[in-house]
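Enquirer: got a sequence here, can you model it:
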Amino acid sequence: MRDKAPAIWWIRRDLRLTDNPALTGALSGGGPVIPVFVRDGAVEGLRTAPAWRLGEGLAALSRALEEKGSRLVLRSGDAREALRAVAAETGARAIHWNRLYDAQSVERDTRVKAALKEDGLAPESHGGHLLFEPWTVETKSGGMYRVYTPMWRAVKDREVPAPDAAPARLPSPETWPASETLADWRLGAGMRRGAEVVRRHILVGERAAQGRLGHFMAEIVDGYAESRDRVAEDGTSRLSAHLSLGEIGPRTCWHAGTAARDEGKRGAETFLQELVWREFAYHLLYHTPRLATGNWREEWDAFPWNEDRTDAVIAWQRGRTGLAFVDAAMREMYVTGTMHNRARMIVASVLTKHLLTHWKIGLDWFEEHLVDWDPASNALGWQWSAGSGPDATPYFRVFNPVTQLDKFDRDRAYTGRWIAEGQARPAPEALDYFEAIPPAWGLSPDDPYPAPVVDAREGRARALAAYENRSF
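Expert: Residues are numbered from 1 along each chain as shown. Model (predicted):
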């Protein structure tokens, strides 16, 4: 086997050994496989929590590779030059990777592939991050989908290939190329003291992701259609960080979901729809890259968003708005690195509608603090909430954070878990918030709970008045 040329597996957001087309492609040559991760400009550009979570994921993947008789090679710099160097050092001819779909990654990968071909190498990209490549999903007239439901109907019965099993061993080269050290990269440096708080609430790596999927399918999916909105319950899959970093593959999730549906588990169809919502986000990001940077509906460019960091915006960022649903959700994010999806809709609606603040302020804040940050899902979620994105519901949908709390946290278990002020015996997670946040914020659980920065009814009326004065 070592007589054959090695193949490079260029790892990006696919930190797994199962259901990995790029790894399968690298193994198909029959020679040694060299797993390589490059800290390039895209990695350097990650915000605090996503960078830290990536470091945790790389450490888990490194351990998994060692169990297979392999190792993770780390390099820094331009991806094209790093891959050229590893190929020259090892005699590798083939380089395999799984495609990404944001504009920065598409531009980089196109440039890398062209350069490697000029060198006489054999680069090959694969589809492993999504169920369906964006250019293979078209309307009957041949264009992209702009509304989710028709896209769901178009793909829900498509055949999805079964995921490849993890290899028993990874063939290794006689001599490994030099590698940098993950600890020296200090990917988590920006988290400071918050890292230890968040670490208590996350699961990391492929094995944990598979375990979480199994638990969800066995214990939760049957009632998922209802439980996913009840913010105080463990009623969701909690796979978002694993999917974002590719610690689990979408095909693995899809086949688990279809099996559960065939077994008659009621919520399985809803789970499959959520997987396609993720596909829809990437479909839009690929075809309209402005989703991540500007209003998807360009007629919103003239809307007079507030773009300043006002006192109300600071209160929103710190979980001190006086609106319990919003504050609990923001504190959940600082303590766990994630936020319940229903809560994300509420905090986004309040920022963009009650406070009439530009969605990009919220998008950037989430990108800084979410360990499950995903470029497509984050952008679609914020634009959907703001009304500037693709949504069949008109812009005048404004969630009331008070009535939404009555509906989805009637017993106030969620807010009680995350808000300490005013409680004689606060929950441990509520106190963890004060351990996780920057000391410079000067907050204490003994502080009085603030008055609302905006009245829920008045904020809604103000938003509707602003919308009615614009032409959409």
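
Enquirer: now the helices for the stretch 101-250 of the chain?
Expert: 103-118, 148-155, 182-185, 194-199, 206-215, 224-227, 240-244, 250-262 (DSSP state H, counting those that start in this stretch).

Enquirer: just give me the residue right at the centre of the protein.
Expert: Among the residues of the chain, the smallest C-alpha distance to the mean C-alpha position (CA atoms, centre = their mean) belongs to Asp374, namely 3.0 Å.

Enquirer: from the rest of the structure, what touches the least confident helix or strand in the chain by mean pLDDT?
Expert: Using mean pLDDT, DSSP states H and E, the weakest-scoring helix or strand in the chain turns out to be helix 456-468, at a mean of 89. Here helix 456-468 makes contact (CB atoms under 8 Å, 6 or more residues apart in numbering) with 303-304, 323, 350, 353-356, 387, 395-396, 398, 400-403. From N, CA and C alone the C-beta is placed, and that goes for glycine too.

Enquirer: quick revisit: surely the residue nearest to the centre of the chain and Gly246 touch.
Expert: No - the criterion here is CB atoms under 8 Å, and Asp374 misses it with Gly246 at 10.8 Å.

Enquirer: contacting residues around Pro438?
Expert: Taking CB under 8 Å, 6+ apart as the contact definition, Pro438 lies against Arg192.

Enquirer: so how far is Arg47 from it?
Expert: Between Pro438 and Arg47 the distance is 15 Å, computed by CB to CB, to the nearest Å.

Enquirer: again with Arg230
Expert: For Arg230, the distance to Arg47 under the criterion CB to CB works out to 30 Å.

Enquirer: compare those two (neighbour count), which wins?
Expert: Under the neighbour definition other CB atoms under 10 Å, Arg230 and Arg47 were set side by side, and Arg230 has more, 19 against 16.

Enquirer: that one and Phe408 touch, don't they?
Expert: Yes - in terms of CB under 8 Å, Arg230 counts as a neighbour of Phe408; the distance is 5.9 Å.

Enquirer: which pLDDT value belongs to the closest residue to Trp254 other than its chain neighbours?
Expert: For Trp254, ignoring the flanking residues on the chain, the nearest one in space by CB to CB, 6 or more residues apart in numbering is Val160 at 5.0 Å. For Val160, the model assigns a pLDDT of 97.

Enquirer: equivalent analysis for Ala92, please.
Expert: On the pLDDT scale, Ala92 is placed at 97.

Enquirer: now it: closest residue in space that isn't a chain neighbour?
Expert: Pro6 (4.3 Å).

Enquirer: what's the neighbour count on that neighbour?
Expert: For Pro6, the tally of surrounding residues (other CB under 10 Å) stands at 25.

Enquirer: need the contact list for it.
Expert: Applying CB under 8 Å, 6+ apart, the residues near Pro6 are 31-34, 90-92, 173.

Enquirer: quick check, Thr48 in contact with Leu370.
Expert: No - proximity of Thr48 to Leu370 does not meet the contact threshold set by CB under 8 Å, at 9.9 Å.

Enquirer: so for these two, which sits in the more crowded spot?
Expert: Comparing Thr48 with Leu370 by other CB under 10 Å, the one with more neighbours is Leu370, at 25 against 21.

Enquirer: for that one, which non-adjacent residue is closest in space?
Expert: The spatially closest residue to Leu370, leaving aside those adjacent along the chain, is Ala49, at 5.7 Å (CB to CB, 6+ apart).

Enquirer: the one you found and Thr321, how far apart?
Expert: Distance from Ala49 to Thr321, counting by CB to CB: 21 Å.

Enquirer: which residues in the protein form strands?
Expert: Using DSSP state E, the strands found in the chain span residues 7-11, 33-39, 73-76, 94-98, 122-126.

Enquirer: pLDDT on the first one, on average?
Expert: For strand 7-11, the mean pLDDT works out to 98.

Enquirer: next one: stretch 46-54
Expert: 98.

Enquirer: quick one: low-confidence ranges for the stretch 1-150 of the chain?
Expert: Residues of the stretch 1-150 of the chain meeting the criterion pLDDT under 70: 1-2.

Enquirer: if we use 50, what do you get?
Expert: Applying pLDDT under 50 to the stretch 1-150 of the chain flags no residue at all.

Enquirer: before we move on, back to that, of the contacts of helix 456-468, which is the most crowded?
Expert: Result: Val350 is most packed of the contacts of helix 456-468 (other CB under 10 Å), 31 neighbours.

Enquirer: check contacts around that residue.
Expert: Applying CB under 8 Å, 6+ apart, one finds that Val350 lies in contact with 316, 321, 323, 326, 399, 401, 454, 459.

Enquirer: going by distance to Trp135, which of those wins?
Expert: Proximity of those to Trp135 (CB to CB) peaks at Phe399, which lies at 34.6 Å.
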